[in-house]
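Engineer: Got a sequence here, can you model it:
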Amino acid sequence: MRKKNTLIVFLMMISFSVFSQGFELGIKGGADVQQISGVSFNEEFAYGYHLGAYSEIKLSKVFSIQPELYYSAATMNKGNSLDTLYTSIDPKKIKFGYLNIPLLINIKLSDKVKLQVGPRYGILSNTNLSVKANAEKALKMGDFSMVSGIQLQYSKIRVYARYQIGLTNINEISTKENWKSQSIHIGIALKII
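Structural biologist: Below is the predicted model of the structure:
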């Protein structure tokens, strides 16, 4: 149900932006370097990927809004304290997948360079924590973050680098330990429209 609502909201944003001037639509993908802080996870960065779509709605010569919808996945090493919570987890690594919805503000510095800043909401879409019901008890289904970065434009190609820091505790098991996410996204986008 949450995925359907997310898709409906994204399609509404796109349909609204089609009628506005200065509309752009494209696809994107790249590499992620992610970390979840907390004793239950080894506090090291893990590598993953992201794939999705973006649109850009120009508000003025300097400012534009860039809503996006993309899927990201990474594999984290679990710490020893997670074994006491989930004794049935055999693998040492835990896979996470999120459906992400950032709403970025682009600030044009030149014809080729834009700064990007804004909020991002991630919806937990899959994990290999034993059974999905257990994963839902362990991890909050939503993760709210702030994003900042830079984007370089060359004709129809965009190259971007972003830093994302989680603002919410995604630990649903206990209030004694905060689990917060952070990640670095590096990718390429291609303008279609």
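Engineer: is it fair to say residue 159 lies in a strand?
Structural biologist: Yes - counting by DSSP: H, G, I helix; E, B strand; the rest coil, residue 159 is located in a strand.
Engineer: ok, now which ones touch it?
Structural biologist: By CB atoms under 8 Å, 6 or more residues apart in numbering, the contact set of residue 159 is 151-152, 187-189. To be clear about C-beta, it is placed using only N, CA and C from the backbone, and glycine gets the same treatment.
Engineer: Okay, and which of those map to strands?
Structural biologist: If you go by DSSP state E, these have 151-152, 187-189 in strands.
Engineer: Counting neighbours, which of those residues comes out on top?
Structural biologist: In terms of neighbour count, residue 189 stands highest of those at 24 neighbours, by other CB atoms under 10 Å.
Engineer: partner residues bridging it?
Structural biologist: For residue 189, the beta-bridge partners under DSSP bridges are residue 28, residue 158.
Engineer: Roughly how far does it sit from residue 157?
Structural biologist: 7 Å (CB to CB, to the nearest Å).
Engineer: re earlier: what I need now is the ones in strands among the contacts of residue 159 written out in JSON lines, including pLDDT for each item.
Structural biologist: As requested, the ones in strands among the contacts of residue 159 are exported to JSON lines (pLDDT from 0 to 100):
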{"residue": "151", "pLDDT": "98"}
{"residue": "152", "pLDDT": "98"}
{"residue": "187", "pLDDT": "98"}
{"residue": "188", "pLDDT": "98"}
{"residue": "189", "pLDDT": "98"}
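Engineer: In terms of distance to residue 100, which of the residues you listed ranks first?
Structural biologist: In terms of CB to CB, no member of the ones in strands among the contacts of residue 159 lies closer to residue 100 than residue 187, at 12.3 Å.
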